[in-house]
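>>> Pasted the sequence and its predicted model underneath.
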Amino acid sequence: MTKLKAREGDRGGMSRSKTSATIDPEMISLEQFLWFIEERESIRLKKESGQPRPWTDDEILDKTRFANIYRQDDKVSRFIFEKVKDLDYETLVYNLLLSRLINRVDVLSKLLPCKPSDDISFILEGEGVIMNSQAYQISPGMCKLDEFETNRETIVYYPKKVYKKVADALKSTDSIKDAVDLGNKAYGGTITFAMFQIVLDLQYLRSMYNPTSEIPIGQGAQAVIDKLGGIDNLPEELRKMHRWDVEHAACEYRKYLYRHGKKLNRYSYKPNSMGI
């Protein structure tokens, strides 16, 4: 596989948007996508084996933070799975709600595993303490779900009220997309992105869903997936991966392409109509 190379003075065909990063679909190719997957996974393996940097000769992959190709390999995911893997189903869902709304090991290490009856208000103590990582987009209006003053309070108290309803919704279907939609609706309709990850967490831990069922496609991945023929018509080289891993890798690859055109500048992210 060969990595993307730009001509001198070429911005890679990228165009800018005030609200979201856009890329020229002509820049997307199966060969480059497969290279990106292989190279990013190689970086993870080298890093975890203790090899010194550099782990790649690609400037963008070396200097920019990308998620791992497989979500279950992320540091936070591994921590969460180890802490909650033996819980009963409803308590597991409660812990996953907390985990993905917070998504910080330093905070979760004080909580997991916990029961819905536990008082966890202590994590609100300390002015200016960062309680969640924003890895999963949370609506600024989430605190309006139950008249809380802040999203921080909502994260602590609201899951206690709705986890059983969410748990029932998540086990009512074997479709990943339907589980995301039903789970998010049961929660209050404000955490689609986080709910997608919770559904995948349940798939990793309990194999609750049909792995070939429909999945949500995030805005960041859509252009790549479309160029490759659609999630239901992926090239043979990608069919060995779960479709949710392809979707996730496609989102990271799109970031790579955008940074290639923008010379490592950050881009402005705006969730799509699904909140992803």
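Cool, the structure landed.
>>> Show me where the stretch 1-150 of the chain dips below the pLDDT cut-off.
Low-confidence segments of the stretch 1-150 of the chain, defined by pLDDT under 70: 1-25, 126-144.
>>> Spell out the residue ranges of the strands in it.
Along the stretch 1-150 of the chain, no segments are classed as strands by DSSP state E, counting those that start in this stretch.
>>> Do a quick rundown of the helices in it.
Ranges of helices in the stretch 1-150 of the chain, per DSSP state H, counting those that start in this stretch, are 30-48, 59-63, 75-84, 89-102, 105-108.
>>> tell me the contacts of Ala221?
Applying Cβ atoms under 8 Å, 6 or more residues apart in numbering to Ala221 gives the contacts 247-248, 250-251, 254. Yep, even glycine has a C-beta here, placed from its N, CA and C like the rest.
>>> same thing with Val246?
By Cβ under 8 Å, 6+ apart, the contact list for Val246 reads 225, 231, 234, 238.
>>> Considering the residues you listed, which is situated nearest to Pro52?
Among the contacts of Val246, Leu238 lies closest to Pro52 (Cβ to Cβ), at 31.8 Å.
>>> I figured that closest one hits Gly230, correct?
No - with contacts counted by Cβ atoms under 8 Å, Leu238 stays clear of Gly230, the gap being 11.5 Å.
>>> Could you check which of the two has the larger neighbour count?
Each of Leu238 and Gly230 has its neighbours counted (other Cβ atoms under 10 Å); Leu238 has more, 19 against 10.
>>> ok, that one to Phe33 distance?
Using Cβ to Cβ, to the nearest Å, Leu238 is found at 8 Å from Phe33.
>>> Among the helices of the stretch 1-150 of the chain, show me which one is buried the most.
helix 89-102 (a mean of 23; mean count of other Cβ atoms under 10 Å).
>>> can you give me the offset of it from its chain's centre?
How far helix 89-102 lies from its chain's middle: 15 Å, per Cα atoms, centre = their mean, to the nearest Å.
>>> sorry, back to before: give me the common contacts of Leu238 and Phe33.
Leu228.
>>> Buried residues, stretch 236-243. List them.
By 16 or more other Cβ atoms under 10 Å, the buried positions in stretch 236-243 come out as 238, 241-243.
>>> Can you dump the C-alpha atoms of stretch 205-218 in PDB for me?
The C-alpha trace of stretch 205-218 is given here as PDB (Å, rounded to 0.1, in the frame of the first residue of the first chain):
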ATOM      1  CA  LEU A 205     -19.100  -7.800  25.900                       C
ATOM      2  CA  ARG A 206     -22.300  -9.800  25.300                       C
ATOM      3  CA  SER A 207     -22.700 -10.300  21.500                       C
ATOM      4  CA  MET A 208     -26.200  -8.900  21.700                       C
ATOM      5  CA  TYR A 209     -26.700  -7.900  18.100                       C
ATOM      6  CA  ASN A 210     -26.600  -9.200  14.500                       C
ATOM      7  CA  PRO A 211     -23.100  -8.200  13.200                       C
ATOM      8  CA  THR A 212     -24.500  -7.800   9.700                       C
ATOM      9  CA  SER A 213     -27.400  -5.500  10.700                       C
ATOM     10  CA  GLU A 214     -27.600  -1.900   9.700                       C
ATOM     11  CA  ILE A 215     -25.400   0.600  11.600                       C
ATOM     12  CA  PRO A 216     -25.500   4.400  11.800                       C
ATOM     13  CA  ILE A 217     -23.000   6.100   9.500                       C
ATOM     14  CA  GLY A 218     -21.500   9.200  10.900                       C
END
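>>> and it, how far out from the chain's middle?
14 Å.
>>> What of stretch 28-35?
Centroid separation for stretch 28-35 versus its chain: 21 Å, with Cα atoms, centre = their mean.
>>> what's the answer for stretch 65-78, then?
Averaging C-alpha positions (Cα atoms, centre = their mean) puts stretch 65-78 9 Å from its chain's average.
>>> Now do that stretch: everything it contacts.
Here stretch 65-78 has contacts from 37, 40-41, 44, 81, 99, 103-105, 108, 133, 135, 197, 200-201, 204, 245, 248-249, 252, 255-256, using Cβ under 8 Å, 6+ apart.
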